[in-house]
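Peer 1: need a 3D model of the following:
(chains A and B)
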Amino acid sequence: MSTGTTKLDVVVSDVVPVNELVTRFHFRRRDGQMLPTFSGGAHVVVEMRDGDRTRLNPYSLMGSPLDTREYTISVRRDDVGRGGSLFMHRSVKPGLEMVISYPVNLFSLDLRAKKHLMLAGGIGITPFMAQTAQLAGEGGNFELHYTCRTASLGTYADVLRERYDRRIRLYHDDRDERIDLDRLLSTQPLGTHLYVCGPAGMINWARDRAASLGWPSEAVHFEHFAAPQPGLPFDVTLAVSGKTIRVGEQQSLLEAIEAAGVDPPYLCRGGVCGQCETNVISYDGKFIHNDHWLSEEDHRSGCKIMPCVSRFEGRSLVLER
Amino acid sequence: MAAKTIISRPIYGTLSPQPGKHHLFIADAEGALAIVDMAKMAPPGFFDGAEIVFIPGPDSKHIGALEGLRPAQFHLAPSFASLLPRLKQTLANAHMGLRLYLAGTEGLIGQAMQVALEAGIDHTSMQTEHRGSLARRMQCVHCKGITENVTTQPATCSHCGLLLLVRDHYSRRLAAFQGVCINAEDRSENPPMEETFP
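Peer 2: This next block holds a predicted model:
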């Protein structure tokens, strides 16, 4: 069992289409007990038994942390992705027994903040569903700015407007509505914390503008679930377990290690949490580091790799696993 | 600069110009020199958006050096207590983008930090630089009274009169080091008092 990823046996209690791209899934515990408590921004890793292949994808919990009778996640279908979201959309039906991890929070609210300013892009809205529910329950001060492509793809925009009214600002790409970010960031009271979840471009834009306008990095929080990038197949030797394995085109190094029967630690599977950090014993070739965890110096040194998102091209690679 | 001993003991850095729209400096005595040194690295126009609040102390030195930086606002105060209402007002009306720089004695840095924490600024995002006296602000853990400018080890509590060991155990909430009775078992025991924090 991996560090921090204790498993929960659940049953799919409901599957609800939300719009043309997004479907919501509800899970309850098979033994009828309450699920573990969590805080807004937490995610679970869902195990998908897809034939002889096990897929593991992280999804944010979007229900209220005040109600743990069930967990809910929303999955955006990605027709050109690696297949996890398509499996969820096509094969997961009410009554299916599944295994999910305990919740892990790598995007928690800083409750010392005087105000919480949230920026969501597209399916990046899901962690904010739980965070706003948590803050509303505690009378917290928040404001959510949500950009989506069209009104019909504004997942849960109607729910949020209904619940929180003017605390929610919507921006539609097709109407050319844009967040006036510099003005927004410059008019926030001292003690405001910023939270961003959405595409990488949006996160980089918000972090960059916030830093230039004098926001300390401690007050800027972001979450980006990077799916592992495909690439050329490569061979890896695992020194500790004495195995040599091949990493397929569409497979991540972490998935290949798991498929070989080795159980490395992981939490986010997106290159940000640091759990799966692995020492490189020797290599001949070049690394394709896709993570946000290791420092630039670590990347250059060739001594470490994050197997959840990073790849390798070359003749040989030996890892301490 | 003070050495690190236990984990709560504050560590100070060197002031450096941060990106931001407004820059608030709070300094006492020799702290002025930290600002003057930092100004050499600051981009042109940096002090156009800066406010300096300065407690010069009895010898009134360094006022001219700070005025020479031509900050947008310059304010002199006789003591930290006297500038407190103004500081609270400034922070209450401030927006994100304000950067805080604290320089001088530990007592000044700690107390200004205490007010800024209340206003929502994380202590790790404040710039600090220790200059001048090592005098400590101390809380007596027995009577809870605060004694300012403690320079000796042990030190006498100015409220209850107990002889206290000045510990490195620091409270950000109180902006004070903890003082614990050094001769609780036998009050006739009087270890020599030394000037440890000049």
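Peer 1: sketch out the low-pLDDT regions of the stretch 201-321 of chain A for me.
Peer 2: The stretch 201-321 of chain A contains residues with pLDDT under 70 at A:225.
Peer 1: list the contacts for whatever residue of chain B ends up closest to chain A?
Peer 2: Going by CB to the nearest CB, chain A is nearest to B:Gly120 of chain B, at 1.8 Å. Where C-beta positions appear, they are placed from N, C-alpha and C, glycine not excepted. When contacts are counted by CB atoms under 8 Å, 6 or more residues apart in numbering or on different chains, B:Gly120 touches A:Arg112, A:Ala113, A:Lys114, A:Pro189, A:Leu190, A:Gly191, A:Thr192.
Peer 1: how about A:Met202?
Peer 2: Applying CB under 8 Å, 6+ apart, we find A:Met202 in contact with A:Leu119, A:Gly121, A:Gly124, A:Thr147, A:Val196.
Peer 1: separation between the closest residue to the second one other than its chain neighbours and A:Glu162?
Peer 2: Sequence neighbours aside, A:Gly198 is the residue nearest to A:Gly121 in space, at 2.5 Å (criterion: CB to CB, 6 or more residues apart in numbering or on different chains). A:Gly198 sits 22 Å away from A:Glu162 when distances are taken as CB to CB, to the nearest Å.
Peer 1: same check on A:Leu153?
Peer 2: A:Leu153 is 18 Å from A:Glu162, by CB to CB.
Peer 1: again, but for B:Gly107
Peer 2: As judged by CB to CB, B:Gly107 and A:Glu162 stand 52 Å apart.
Peer 1: what about the two, which has more around it?
Peer 2: Neighbour count, other CB atoms under 10 Å in any protein chain shown: between B:Gly107 and A:Glu162, B:Gly107 has more, with 22 against 10.
Peer 1: wait, a helix at that one?
Peer 2: Yes: applying DSSP: H, G, I helix; E, B strand; the rest coil, one finds B:Gly107 inside a helix.
Peer 1: just checking, it touches B:Glu148?
Peer 2: Yes: under the criterion of CB atoms under 8 Å, B:Gly107 makes contact with B:Glu148 at 6.3 Å.
Peer 1: now list whatever residues contact both of these two.
Peer 2: By the contact definition CB under 8 Å, 6+ apart, B:Gly107 and B:Glu148 are jointly contacted by B:Ala135, B:Arg137.
Peer 1: so which residues on chain B come close to chain A?
Peer 2: Near chain A, the residues belonging to chain B are B:18-22, B:91-92, B:94-99, B:119-122, B:124-125 when assessed by CB under 8 Å from any CB of the partner chain.
Peer 1: out of those residues, list just those in strands.
Peer 2: Judged by DSSP state E, the residues of chain B next to chain A include B:His22, B:Leu98, B:Arg99 as members of strands.
Peer 1: any chance of these in CSV, plus neighbour count?
Peer 2: Shown next, in CSV, are these (neighbours: other CB atoms under 10 Å in any protein chain shown):
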residue, neighbour count
B:His22, 16
B:Leu98, 21
B:Arg99, 22
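Peer 1: list the contacts of residue 128.
Peer 2: As the question left the chain open, I've gone with chain A. With CB under 8 Å, 6+ apart, A:Phe128 has these contacts: A:Gly40, A:Met118, A:Ala120, A:Leu144, A:Tyr146, A:Tyr195, A:Cys197.
Peer 1: nope, chain B please
Peer 2: Residues counted as contacts of B:Thr128 (CB under 8 Å, 6+ apart) are B:Pro10, B:Tyr12, B:Gly13, B:Leu15, B:Tyr101, B:Leu102, B:Ala103, B:Ile109, B:Met113.
Peer 1: just the element for it, please.
Peer 2: Using DSSP states H and E, B:Thr128 sits in strand B:127-130.
Peer 1: just the CA trace of that strand, in CSV.
Peer 2: Extracted in CSV, the C-alpha atoms of strand B:127-130 (Å, rounded to 0.1, in the frame of the first residue of the first chain):
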residue,chain,number,x,y,z
GLN,B,127,11.3,41.7,5.0
THR,B,128,13.3,42.0,8.2
GLU,B,129,16.8,43.1,9.1
HIS,B,130,18.2,43.3,12.6
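Peer 1: could you list the paired strands of it along with their orientation?
Peer 2: strand B:98-104 (parallel) (DSSP bridges).
Peer 1: give me the contacts around the partner strand.
Peer 2: A:190, A:214, A:216, B:15, B:18, B:20-32, B:34-35, B:38, B:55, B:91, B:108-109, B:112-113, B:116, B:121, B:125-132.
Peer 1: same check, this time on stretch A:298-315
Peer 2: Under CB under 8 Å, 6+ apart, the answer for stretch A:298-315 is A:226, A:228-229, A:231-232, A:234, A:236, A:247, A:252-254, A:257, A:264, A:266, A:268-271, A:274, A:276-280, A:283-291, A:293-294, A:319.
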